[in-house]
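Asker: pasting a predicted model and its sequence here:
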Amino acid sequence: MKKLLIFTCASFFAIGCSNQATVKEDTPAAATTDSTEKIDYAYLPEGHSPDYWDRGDQKKVAMVLKSLKAFETGHIDECLAPFADSISWSFDGFDKKISKDTLAAMFKDAWKNMSSMKVYMDDYEAVISKDKKEEFVTLWYKQVTTDKKGKVDSIACVDDLKIENGKITLLDEKSRKFPAKK
């Protein structure tokens, strides 16, 4: 009986190992390129190599998301908590270094015309340079706003936020309006 039990356990172990090997070969990690393989890029980033970035601190993502959530709910002071005293802010037709107070006034002014805002998050990522000197969080989301007159508008957004010493020092916003529904 003992021999039968040992043989059965050994069989399950052998089957489990062979199945696990099959699963490993089918995973996306197995499909990645060999690190010694040379990749011919059509363009290279200026100032650094294509492998300049590593995955960043997910706590920075949480900090940025909390700030966006506070803006979405109209809590401007809470939204601005992780921002530095001066911020470089870029969006369509605007590119300036401004004070946190100016940013607060601009955010509050935007909310004067809105009755509501909703964010539908697509994805986000934190990256840090290999030399640990640059750190960014990028957000991809859809923003739907309703103005005081009831007009609904939506845009697709990509925000890049630079983090220095635990504070947001740069907010680079790119957006695209959705076509009007017919």
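Answerer: In hand now; what should we look at?
Asker: checking residue 98 next. Helix, strand or coil?
Answerer: strand (DSSP: H, G, I helix; E, B strand; the rest coil).
Asker: and stretch 71-79, what's buried?
Answerer: Within stretch 71-79, the residues that count as buried by 16 or more other CB atoms under 10 Å are 71-72, 74, 76, 79. In this view, the C-beta of every residue, glycine as well, is placed from N, C-alpha and C.
Asker: keep only those of those residues that are in helices.
Answerer: With DSSP state H as the criterion, helices contain 71-72, 76, 79 from among these.
Asker: which two among the residues you listed are spaced furthest apart?
Answerer: Pairwise distances across these (CB to CB) peak at 11.0 Å, for the pair 72 and 76.
Asker: list the residues that contact residue 159.
Answerer: 68, 138-139, 141, 171-174 (CB atoms under 8 Å, 6 or more residues apart in numbering).
Asker: so it sits in a strand?
Answerer: Yes: under three-state DSSP, residue 159 sits within a strand.
Asker: for it, give me the pLDDT.
Answerer: Here, the pLDDT recorded for residue 159 equals 98.
Asker: partner residues bridging it?
Answerer: residue 139, residue 173 (DSSP bridges).
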